[in-house]
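Chemist: Sharing a model prediction with you, sequence too.
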Amino acid sequence: MALIVSVRGFTPRWGADCFIAENSTLVGDVIMGDECSVWFNAVVRGDVNKIRIGNKVNIQDGVVIHCTFEQSETWIADEVSIGHNAIVHGCRIEEQVLIGMGAIVMDHATVERHCLIAAGAVVLEGTHCESGYIYAGVPARKVKALSPEIFQQNISRIANNYLKYSNWFK
């Protein structure tokens, strides 16, 4: 069973058909929708502010989701994939986004729908990532338009695959 921790009167909640790995951690004011998956060694820590996660979100191995006390909450919309060892901190991620492996998205940043944040990218505090583009680098910059083919091959495929993978563990 995953480590589920209540703090400050809040207990994490999640919807139907979710997979929560045995060694993942959910803390505090976390509300997650349906068909989500929280993979091995991932930490979703809503101890200092709230974290809201939509439907069909996969939080892959080693991811950390957190926020800043009384300053920034974390909001993640539907069909978002957060790659291995990424950090999502006090920001807003809109629907159908891929956050690549090892990427960091900081406080008050907004990643609009249909964005791909490349592996290892650092989206600085307050950055606004425009819909339909790939952002890469340190700091992350818009590098090119996201074609419908890349969108299907990466963002949609990964979200659907993680739904399938999670069923193997249920």
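Modeler: Cool, the structure landed.
Chemist: so how far is residue 148 from residue 119?
Modeler: 21 Å (Cβ to Cβ, to the nearest Å). C-beta coordinates here come from the backbone N, C-alpha and C atoms, glycine included.
Chemist: Show me which of the two is the more surrounded one.
Modeler: residue 119 (16 against 9; other Cβ atoms under 10 Å).
Chemist: okay but that one is in contact with residue 98, surely?
Modeler: No - counting by Cβ atoms under 8 Å, residue 119 stays clear of residue 98, with 9.8 Å between them.
Chemist: Need the residues touching each of those two.
Modeler: Common neighbours of residue 119 and residue 98, using Cβ atoms under 8 Å, 6 or more residues apart in numbering, are residue 83.
Chemist: contacting residues for the closest residue to residue 90 other than its chain neighbours?
Modeler: Spatial nearest neighbour of residue 90, excluding adjacent residues (Cβ to Cβ, 6 or more residues apart in numbering): residue 72 at 3.0 Å. Residues in contact with residue 72 (Cβ under 8 Å, 6+ apart) are 49, 89, 90, 91, 107, 108.
Chemist: Sort out for me which of the residues you listed are in strands.
Modeler: Secondary structure from DSSP state E places 49, 89 of these in strands.
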